[in-house]
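A.B. asks: Return atomic coordinates for the entry below.
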Amino acid sequence: MRKFWPHSLLAALTLATSSGCNSTVNQDELRPALLTEPSQQEVAALVAKALNTEEVNVGEEVFMQKSSLVLESPPFTDAQGNPLMGKQLEMPQRFMLLTDGQLCYLQHLNSEQLLPAPTLSCR
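C.D. replies: Presented below is the predicted three-dimensional model:
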């Protein structure tokens with residue numbers, strides 16, 4: 001029994017720390033949302049944070065008509081700039097704008113990471 005105790009403790013600590021801010025949000029209360037006003041720069045910054053990159057380009061009307069966003073990597077091209085068929089190596093990155101009625105959240109569906117978005121206004 002003593003032999004396995006450190007491993008159990010390590011597993012419990014890993015589980016507790018990996019849940020992060022998701023533990024404070026009741027996932028059942030979240031529903032798809034739309035922005036009440038265009039917020040292109042704020043959304044781009046949140047998406048970049050979720051993807052761990054410096055910059056992401058999103059459209060001006062992002063999350064104004066649909067609560068989902070799909071980003072694809074630019075296609076590979078040949079020397080003349082023509083797209084190469086079958087050379088898309090990465091899966092599209094999918095996002096969903098959610099709200100609990102008070103606060104907006106951006107969920108990266110590929111990783112299930114949930115980011116609070118206090119600067120956004122959702123309905």
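
A.B. asks: CA only for contacts and neighbour counts going forward, please
C.D. replies: OK.

A.B. asks: Tell me the spacing between residue 81 and residue 90.
C.D. replies: Distance from residue 81 to residue 90, counting by C-alpha to C-alpha, to the nearest Å: 19 Å.

A.B. asks: what about this protein, any weak spots by pLDDT?
C.D. replies: Residues of the chain meeting the criterion pLDDT under 70: 1-24, 86-89.

A.B. asks: mind checking the longest strand of it?
C.D. replies: strand 93-99 (DSSP state E).

A.B. asks: Report the distance from that strand to the chain centre.
C.D. replies: Chain-centre distance of strand 93-99: 6 Å, with C-alpha atoms, centre = their mean, to the nearest Å.

A.B. asks: helices and strands around that strand, which ones?
C.D. replies: Applying 3 or more C-alpha pairs under 8 Å, 6 or more residues apart in numbering; DSSP states H and E, one finds that strand 93-99 makes contact with strand 31-32, strand 68-71, strand 104-108.

A.B. asks: Could you export these as CSV, including mean neighbour count and distance to residue 41?
C.D. replies: As requested, these are exported to CSV (neighbours: other C-alpha atoms under 10 Å; distance: least, C-alpha to C-alpha, whole Å):
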stretch, mean neighbour count, distance to residue 41
strand 31-32, 16, 20
strand 68-71, 16, 15
strand 104-108, 23, 14
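
A.B. asks: tell me which residues in stretch 107-119 are buried?
C.D. replies: For stretch 107-119, burial by neighbour count (16 or more other C-alpha atoms under 10 Å) applies to 107, 108, 113, 114, 115, 116, 117.

A.B. asks: How far does that stretch stretch from one end to the other?
C.D. replies: 15 Å.

A.B. asks: so the residue nearest the centre of the chain bridges to which residues?
C.D. replies: When C-alpha atoms, centre = their mean is applied to the chain, the residue found nearest the centroid is residue 108 (2.2 Å). Residue 108 has these beta-bridge partners by DSSP bridges: residue 95, residue 113.
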